[in-house]
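S.K.: Can you look at this prediction? I've put the sequence above it.
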Amino acid sequence: MSRAWVTSMSPNVEAVANPLAAACESGYIPDEIYILENPGLSDYLDRVTSMLERIVVEYGSDRPAIDITSLDSETEFERIVEHYRTPVIAAQDTDGMVAVDVTPGRKFMSAIAFQAGIKYDAEHVFYLYLSEGRFYGRIFPDVPNQALDLIDFQEVF
């Protein structure tokens, strides 16, 4: 059974990496990662993909397949929806699982990710809540567990 992780870019690399590390810590280790590349953030892409690959490998899995959706404009709403919808629908057709991460990215992108995850019935719709601002920008192992809460909105609804 395949497990996919669907997320978006951010200039704060920890906002992209930490939710994946928290999910892996909770037992959800993907073998596919889908990243939405926003315009102007391509300088961060290599660092983000490298960090996400390393996290998955450190949790005992093979190097994940990575698929990038590159936007020409951050208001390509249909492409953003498609970025989230496609892996969810594909997983349903193959008995796979998908986790949508709504943590990183612009607010409207997170809103689209959230709606797509709920509407198309992703297995998980994750948000990593950081309760203390002083840990903002720090990598997952450097943040105390009590300051983190991986919320699965599929469980909330």
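M.R.: Thanks, I have it. Residues are numbered from 1 along each chain as shown.

S.K.: can you give me the strands for the protein?
M.R.: Using DSSP state E, the strands of the chain run over 3-8, 32-37, 65-70, 97-101, 124-130, 148-152.

S.K.: I'd like those as a markdown table, with mean neighbour count and distance to Ile55 appended.
M.R.: C-beta here means a position set from N, CA and C on the backbone, and glycine is covered the same way. Formatted as a markdown table, these follow (neighbours: other CB atoms under 10 Å; distance: least, CB to CB, whole Å):
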| stretch | mean neighbour count | distance to Ile55 |
| --- | --- | --- |
| strand 3-8 | 26 | 10 |
| strand 32-37 | 22 | 10 |
| strand 65-70 | 16 | 12 |
| strand 97-101 | 26 | 12 |
| strand 124-130 | 21 | 13 |
| strand 148-152 | 17 | 14 |
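
S.K.: So which of the ones you listed is nearest Ala15?
M.R.: For the strands of the chain, the distance to Ala15 is smallest for strand 124-130, at 8.2 Å, taking CB to CB.

S.K.: burial of the closest residue in space to Tyr59 that isn't next to it in sequence, as a residue count?
M.R.: Using CB to CB, 6 or more residues apart in numbering and skipping the chain neighbours, the partner closest in space to Tyr59 is Cys24 (4.1 Å). For Cys24, the neighbour count with other CB atoms under 10 Å is 19.

S.K.: Okay, Cys24 and Glu58: tell me how far apart.
M.R.: To Glu58, Cys24 is 8 Å away according to CB to CB, to the nearest Å.

S.K.: any chance of the strands of the chain in TSV, with distance to Ala15 and mean pLDDT too?
M.R.: Formatted as TSV, those follow (distance: least, CB to CB, whole Å; pLDDT from 0 to 100):
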stretch	distance to Ala15	mean pLDDT
strand 3-8	9	98
strand 32-37	13	97
strand 65-70	17	98
strand 97-101	10	98
strand 124-130	8	97
strand 148-152	13	97
